[in-house]
Structures are given as structure tokens and as C-alpha cells.
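Q: This is a predicted model, with the sequence first.
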2 protein chains.
Amino acid sequence: MNDPIASQHTSSSVEDYVKAIWELAGANAASTKEISKRLRLSGASVTNMLGRLKEMGLVNYERYHGASLTEEGCAQALRIVRRHRLIESFLLEQLGYSWGEVHEEAERLEHAVSDEFTERLAEFLGHPARDPHGDPIPRADGTLERDESFRLDEAAAGQLVRISRVNPENPSMLNYLGKHGLVPGQTLTVNEIRTVDGVVTIEDEDGKSYSLGRPLAASLFVQGVVEPTNTYPVEPTTTYPS
Amino acid sequence: MNDPIASQHTSSSVEDYVKAIWELAGANAASTKEISKRLRLSGASVTNMLGRLKEMGLVNYERYHGASLTEEGCAQALRIVRRHRLIESFLLEQLGYSWGEVHEEAERLEHAVSDEFTERLAEFLGHPARDPHGDPIPRADGTLERDESFRLDEAAAGQLVRISRVNPENPSMLNYLGKHGLVPGQTLTVNEIRTVDGVVTIEDEDGKSYSLGRPLAASLFVQGVVEPTNTYPVEPTTTYPS
DNA sequence: GAGATTGTTTAGCCTATACTAATCCTATAA
DNA sequence: TTATAGGATTAGTATAGGCTAAACAATCTC
Ligand SMILES: [Mn+2]
Ligand SMILES: [Mn+2]
Ligand SMILES: [Mn+2]
Ligand SMILES: [Mn+2]
């Protein structure tokens, strides 16, 4: 059914398109506009590529109705995302890159490394579960830890939460958050969610409090801190981003 | 004089051409044929690219008379070779790649890493002077340790020599040499150089002896082991391969 | 239901980098 | 000095992946 030869040589362009669709829409369809905005390409270029991705069996696409990943396309996307997040981890933890620098470098390297390299790197790093931004690293078998976190500005006042991940898109926000220790793993108390302007006031473990504007608050993803109620160990997985 | 913008975006093709000329000819001119054989491209493709490399100021080229690197081209080549050899070192020493596997992976990665990555990797590895094959790693400033080694089959019978590098081109030979500990640093005694068939008989530090056919003997580069006669520390450098 | 708006596609074009086949040069050998 | 073999170039073509401008479709507003 699938041509295993064809699925070998995906160019870096193809890989970036497939990844973009996965990040934008998960299992749903992404529009031409969304993709073109994210990849900073003209709409015409995207239309053209969607046709070719369809030929390659990587997306379902009908003109004027966007594109969604096929199973093959989703598998490809996960492969690239795994590479990306492992490489980011390496850059930060081993080479001493800063939080804001890792993304750009990984964006290029993800297309150049082999599966061999990827798995050896995973081994070298001790098979990390999450990247420096708290995003789960897809496993070699193509499964992904489900992420149950929500945006900080959607928390409730008084709630005790833990930062699980941050939006990696904006380097200057990353920079600010990193400087103040607002990184994955940090526990926070939500003091106030002000509906007027969206400012969220929080207090960290050391009792230091911050007032974060909506853009910053929306780029912090948290999970409620609760006593575990599970009696049996269930680890839900998915293949799409949260 | 030089356009600093133009020298920024060298594609991976351009980088491979420049590196090939450096490896084939050093400061001299490489012929279209030589380049096409090394890169496994048609002669027509090479002719075409040489014209463009000339436009970019990377080579001196006159049709029918081969191409030699300009200063700018040589600097580019050294940058790529530095990346290549540092990456090879990382793959072998840190990720557990075997001798035969490192070259192919480095051949792709050398085009994807940034200067930032390269220098952080050099730091991470402790600024190694040579790669796993014994080839000197160009320094960040564009200088290169001069290599005074000669082919094992050009040694003299009875001579005491040390392996300084091995030809990295042939994976199966690398494999054989690696398996028998015939790696850079190993000291050997040359027992016989048989002119009839080119077989070289050597003895390693443990007294084990080998008879190497011409192809194998020619892919081992050695230096004579002598007492140092230098009274002042001179470290000769160059920008071209030996 | 008719425009107006906005997103999408088509048409036409461009560059980089390959290829083959045909032609042209150069150097060597007689 | 000239024929010739082999290397080099040209001519013509292909593919991937971009672009702009113009035409077209879907949706939103009145
Ligand atoms: Mn990318
Ligand atoms: Mn990340
Ligand atoms: Mn290469
Ligand atoms: Mn090497």
C-alpha cells in the first residue's frame, strides 16, 4: 500500500511543512494561510507544496479545504519533532546554549541528522522525557506523552500549580522567564487573575511574586498540583500535540 | 573588495565543491574530471558550478585549465573541514560511532551546524588537535597544523615509525585497521618492504606482526620516531592539506 | 441575495543544481 | 606536424521549491 522507498527521502522543506501542520492542527486540517504564516512563505508556494505532499501520501488535501496529515505524514512529523527536541536538549544541557538560542539551531539540524544519530543522542542524554521548554519528546516508537497542562491565564485564583512547559516561539519572553526562574518544574501559587487586563499575579516557591501581562501568562503552561488519585499506573499517550 | 554578504550563504553543494578542491589540490588547480570523480557528478555539472564559484570569488578558473581556490575559497574550505573533523570526533568519542560510520554522518552535518555550534563543540571536546583518523583539525583562526607524515609503503625497512593518520575514504579498510589496533598513535617497526608486490611487513608494540598489501599500506600514514632535535619550539602551520 | 472581504488557487516566472548528448580543445604519440 | 584519445564545454532539459499578480471561491455583512 505504502511505498517504503518514497517515504525515505523527505527534503528539509517537506519535513518543515509536515511538522508545521502537526504543530498547527494536530489531527485536524491546517489552512493554507496558517501554514504560510508559520513558515513565512507565500500562499501560492504552500498550495503548490500541499499538492505534492498529497502525491507523496503525507497529507489529505482538497483545494479550498486545507490539509490534514495521513498516518504516514503524522509518523514523519513525530520523527522530526523527536529529533528537534532531543537536539534542543543536547544544545542546552551539554553545549551550554541559552534557552533562547536552541530553537533556531535545532530547526536546521533536525533535517541533517540520521535516525542512527538520533537514537545514539537519546542514549547519550539518558532518554529525556521532555525538552528544555517542557515539551514532551516523542518516543522512538512514535508515541507521545499526553500533556494535560493549560495556560496560566486559565488557572483559578488560589490554585497551586506547577509549570510544565513554556511556549518556545518567542525568544525574548523565554529570556525573561528563564531569568526569573519561571521554568518547567517550578511550583507557583496563583494569587489573582484580573479579567480587566488579563494580568496574572503569582508567587513562586521563595515567596517572590510577579505580575505577568496576558502575553506572558499565556505562554506559561501549568498543571494543577494535586495528590495522585490513580490507583493503577496509567500513562496515556497520543500522537498529536496538545 | 570582498563582499562579506556574498560569503555568508554558501549552499551545501558549494561547500562540498570547495572542500573537494581543497582536498584534491590544496593550493594547486583541480581538474574538472578529478572533481567530478570525487563528488560523483557529471563533468557538465562541475563545469557549470566552477563558473558560479568563480562568480562568487571562491575559485580562480579558466576553462580547460581547472580551478584553484582563492583566499576566500580556501578559508571557506577550512571552515567546513574544521566542522567535519570536529563532528567526526564527537560522533566517535561521545556517541559511540565506529570508525567507519563517522564520515558519512559528518558529511551531512558539516553543512547544517553554525559557527556558534562548532566552537561550542570544540570547547566541549577539549579542543582536540586531530580527528579520529589522525587528520589535523583546522583551528578557528584558519590555520592548520602541518602534517609531515608519509605513506607506510614509502618507509625504510628497519625504521621505527608511529601511525599519524589513516586514509578515511575506504570504510572496509578502516574497519580492518581499527580491528587490529592499527590506529593513530600506534608505534610500529617496519620489517620488510617487498618491492615485487608492495607488501609491507610490520610488527606492533606487542610483537604481533602483519603483512599488509599495497592498498592497505598506502592508506596508513606514519612519521619516523626520533629523538626531538628542536631546541626552540616551532609549530609550523599551513592552510593546505598535505 | 448582493457585495465586499479575505483566503485560495492558477498562471507565469525564476534560481539552483543536476542530467545526457553533442561538440570542442588539448596534449600526446606517431 | 598532424591524428587522435580523452577531458572539457555547450546545448538543451529536468526537478525542487520559491515568487508575484491575477483570477477565483467562500464567507461575512448588510
Ligand atoms: Mn526545520
Ligand atoms: Mn522546544
Ligand atoms: Mn558534505
Ligand atoms: Mn576524518
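A: Here it is on my side, so go on. Ligands and ions are numbered 1, 2, ... in the order given.

Q: For chain A, which residue gets nearest to ligand 3?
A: For chain A, the residue closest to ligand 3 is residue A:112, as judged by CB to the ion, at 9.9 Å. Heads up, the C-betas are built off the backbone N, CA and C, glycines and all.

Q: Just to check, that residue is in contact with residue B:106?
A: No. With contact defined as CB atoms under 8 Å, residue A:112 does not count as touching residue B:106 (10.2 Å).

Q: mind checking the SS state of the residue nearest to the residue of chain A closest to ligand 3 when sequence neighbours are not counted?
A: The shortest distance from residue A:112 to any non-neighbouring residue, by CB to CB, 6 or more residues apart in numbering or on different chains, is to residue B:112 (3.6 Å). Assigned by DSSP: H, G, I helix; E, B strand; the rest coil, the conformation of residue B:112 is coil.

Q: shouldn't residue B:112 be in contact with residue A:111?
A: Yes. Between residue B:112 and residue A:111 there is a contact at 6.9 Å, judged by CB under 8 Å.

Q: Now chain A against chain B: closest residue?
A: Residue nearest to chain B within chain A: residue A:112 (3.6 Å; CB to the nearest CB).

Q: can I have the strand or helix carrying residue A:36 written out in CSV, keeping just the CAs?
A: If you go by DSSP states H and E, residue A:36 is part of helix A:32-39. Output in CSV follows, covering the C-alpha atoms of helix A:32-39 (Å, rounded to 0.1, in the frame of the first residue of the first chain):
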residue,chain,number,x,y,z
THR,A,32,-3.1,27.4,3.5
LYS,A,33,-3.0,30.7,5.3
GLU,A,34,-2.0,29.3,8.7
ILE,A,35,0.9,27.3,7.1
SER,A,36,2.1,30.2,5.0
LYS,A,37,2.1,32.4,8.1
ARG,A,38,4.0,29.9,10.2
LEU,A,39,6.6,29.1,7.6
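
Q: Which elements pack onto that helix?
A: If contacts are counted by 3 or more CB pairs under 8 Å, 6 or more residues apart in numbering or on different chains; DSSP states H and E, helix A:32-39 sits against helix A:12-25, helix A:43-55.

Q: how about that helix against DNA strand C, any contact?
A: Yes. Against DNA strand C, helix A:32-39 shows contacts by CB under 7 Å from any atom of the strand at A:32-33, A:36.

Q: List the contacts of that helix.
A: Taking contacts as CB atoms under 8 Å, 6 or more residues apart in numbering or on different chains, the residues outside helix A:32-39 that touch it are A:16-17, A:20-21, A:23-25, A:41-43, A:45-47, A:50, A:66-67.

Q: ok, 10 Å please
A: Under the contact criterion CB atoms under 10 Å, 6 or more residues apart in numbering or on different chains, helix A:32-39 has outside partners A:13, A:16-17, A:19-21, A:23-25, A:30-31, A:41-47, A:49-50, A:61, A:63-67, A:169.

Q: closest to ligand 4 out of the helices and strands packed on helix A:32-39?
A: The closest approach between ligand 4 and any of these, judged by CB to the ion, belongs to helix A:12-25 at 24.9 Å.

Q: Does ligand 2 have contacts with the closest one?
A: No. Residues of helix A:12-25 contacting ligand 2 under CB under 5 Å from the ion: none, with a closest distance of 10.8 Å.

Q: That helix - what's its average pLDDT?
A: Per-residue pLDDT over helix A:12-25 has a mean of 97.

Q: For chain A, what lies in contact range of DNA strand D?
A: Counting by CB under 7 Å from any atom of the strand, the positions of chain A adjacent to DNA strand D are A:11, A:13-14, A:40-45, A:48-49, A:52, A:64.

Q: from the residues you listed, which is closest to ligand 2?
A: Each of the residues of chain A next to DNA strand D was scored against ligand 2 by CB to the ion, and residue A:40 proved nearest at 18.9 Å.

Q: Show me the contact partners of stretch A:189-199.
A: The contact list for stretch A:189-199 (CB under 10 Å, 6+ apart) reads A:152-161, A:200-205, A:207, A:209-218, A:222, A:224-225.

Q: okay, how far is it across stretch A:144-152, tip to tip?
A: End-to-end distance for stretch A:144-152: 23 Å, by CA to CA, to the nearest Å.

Q: buried sites along it?
A: Of the residues in stretch A:144-152, A:144-145, A:147, A:149, A:152 count as buried by neighbour count, 16 or more other CB atoms under 10 Å in any protein chain shown.

Q: As a markdown table, the helices and strands packed on helix A:32-39 with distance to residue A:187 would be great.
A: Shown next, in a markdown table, are the helices and strands packed on helix A:32-39 (distance: least, CB to CB, whole Å):
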| stretch | distance to residue A:187 |
| --- | --- |
| helix A:12-25 | 28 |
| helix A:43-55 | 42 |
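
Q: Nearest to residue B:122 among these would be which one?
A: helix A:12-25 (25.4 Å; CB to CB).

Q: Backbone torsions only: list them for residue A:149.
A: Here is the backbone geometry of residue A:149 (degrees, to the nearest 10): phi -80, psi 160.

Q: need the residues of helix A:32-39 next to DNA strand C in a markdown table with pLDDT and neighbour count, can you?
A: Shown next, in a markdown table, are the residues of helix A:32-39 next to DNA strand C (pLDDT from 0 to 100; neighbours: other CB atoms under 10 Å in any protein chain shown):
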| residue | pLDDT | neighbour count |
| --- | --- | --- |
| A:32 | 98 | 21 |
| A:33 | 97 | 11 |
| A:36 | 98 | 18 |
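
Q: Closest to ligand 2 out of the residues you listed?
A: Checking the residues of helix A:32-39 next to DNA strand C against ligand 2 by CB to the ion gives residue A:36 as the nearest, at 22.4 Å.

Q: any idea how far residue A:11 is from that closest one?
A: Look at residue A:36 and residue A:11: by CB to CB, to the nearest Å, they are 18 Å apart.

Q: ok, now residue A:152?
A: Applying CB to CB, the value for residue A:152 to residue A:11 is 38 Å.

Q: pLDDT score for residue A:128?
A: Taking residue A:128 on its own, its pLDDT is 97.

Q: Go through the longest helix along chain A and flag the buried ones.
A: Using DSSP state H to define each element, chain A has its longest helix at helix A:71-93. The neighbour-count check on helix A:71-93 (16+ other CB under 10 Å) flags A:72-92 as buried.

Q: And stretch A:190-205, by the same measure?
A: A:190, A:193, A:199-202, A:204.

Q: how about it as CSV, C-alpha atoms only?
A: C-alpha atoms of stretch A:190-205 as CSV (Å, rounded to 0.1, in the frame of the first residue of the first chain):
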residue,chain,number,x,y,z
VAL,A,190,-1.9,31.8,41.6
ASN,A,191,-2.8,34.9,43.6
GLU,A,192,-5.0,36.8,41.2
ILE,A,193,-6.4,36.6,37.7
ARG,A,194,-7.5,40.0,36.7
THR,A,195,-10.1,39.8,34.0
VAL,A,196,-9.9,43.5,33.1
ASP,A,197,-6.4,43.4,31.6
GLY,A,198,-5.5,39.7,31.9
VAL,A,199,-2.7,40.3,34.3
VAL,A,200,-1.9,37.3,36.4
THR,A,201,-0.3,37.6,39.8
ILE,A,202,1.7,34.7,41.1
GLU,A,203,4.0,33.8,43.9
ASP,A,204,7.0,31.4,43.5
GLU,A,205,8.4,28.9,45.9
